[in-house]
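A.B. asks: Turn this into a structure:
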Amino acid sequence: MSSIQRGEVYDVMPDPSVRKEIQKKRPCVVVSSNTVNDFSGLCIVCPITDGAGKKGDIIHIPIKKGEGGTTKDSIVLCEQVKAVDEGRLVEKRGNFNASTMHKIDVGLKMSLSL
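C.D. replies: Sure, this is the predicted structure:
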């Protein structure tokens, strides 16, 4: 696989998942550093879910249709951070811009009490 970069959006196969964890193939944004991505064989992602009828907040970052290759208005779920083997990344959709990544960083800091 080519070099995975922070801020890229991929379709990810998270299964097997249990209970409230994100299930089925879905877009996720890579939030791990490029160093982690280059040397560990893993990357850390936050899942993206359908944003229809949902309101964003400090840990649920709203994304407009088209950004990062999304096909509809969506929400990044910063409380569902997950390390995945890079083999779970199925297809690259696109990239988030620096402004969106900053909002995701704030959401991660809140979720993880950093």
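A.B. asks: Check the gap between Lys65 and Ser74 for me.
C.D. replies: Distance of Lys65 to Ser74, given as Cβ to Cβ, to the nearest Å: 8 Å. From N, CA and C alone the C-beta is placed, and that goes for glycine too.
A.B. asks: hang on, I meant Lys24
C.D. replies: 15 Å.
A.B. asks: Tell me which of those two has more neighbours.
C.D. replies: Ser74 (25 against 9; other Cβ atoms under 10 Å).
A.B. asks: give me phi/psi at the residue nearest the centre of the chain?
C.D. replies: Of all residues in the chain, the one closest to the mean position by Cα atoms, centre = their mean is Val29, 2.5 Å from it. Dihedral pair for Val29: phi -100, psi 140, per degrees, to the nearest 10.
A.B. asks: Check the gap between it and Gly94 for me.
C.D. replies: Computed as Cβ to Cβ, the Val29 to Gly94 distance reads 10 Å.
A.B. asks: pull the longest helix from this protein.
C.D. replies: helix 98-112 (DSSP state H).
A.B. asks: any residues touching the helix or strand of the chain with the lowest mean pLDDT, and which ones?
C.D. replies: Lowest on mean pLDDT, DSSP states H and E among the helices and strands of the chain sits strand 82-85, with a mean of 90. Residues outside strand 82-85 that contact it (Cβ atoms under 8 Å, 6 or more residues apart in numbering) are 12, 14, 21-22, 28, 32, 41-47.
A.B. asks: Which stretches in this protein count as strands?
C.D. replies: Listed in chain order, the strands of the chain (DSSP state E) span residues 8-12, 26-30, 42-50, 60-63, 74-77, 82-85, 89-95.
A.B. asks: and of those strands, who's closest to Lys103?
C.D. replies: strand 60-63 (4.9 Å; Cβ to Cβ).
A.B. asks: pretty sure Ser111 contacts Val76?
C.D. replies: No. With contact defined as Cβ atoms under 8 Å, Ser111 does not count as touching Val76 (10.9 Å).
A.B. asks: between those two, which one's more packed in?
C.D. replies: Higher neighbour count among Ser111 and Val76: Val76, with 31 against 16, using other Cβ under 10 Å.
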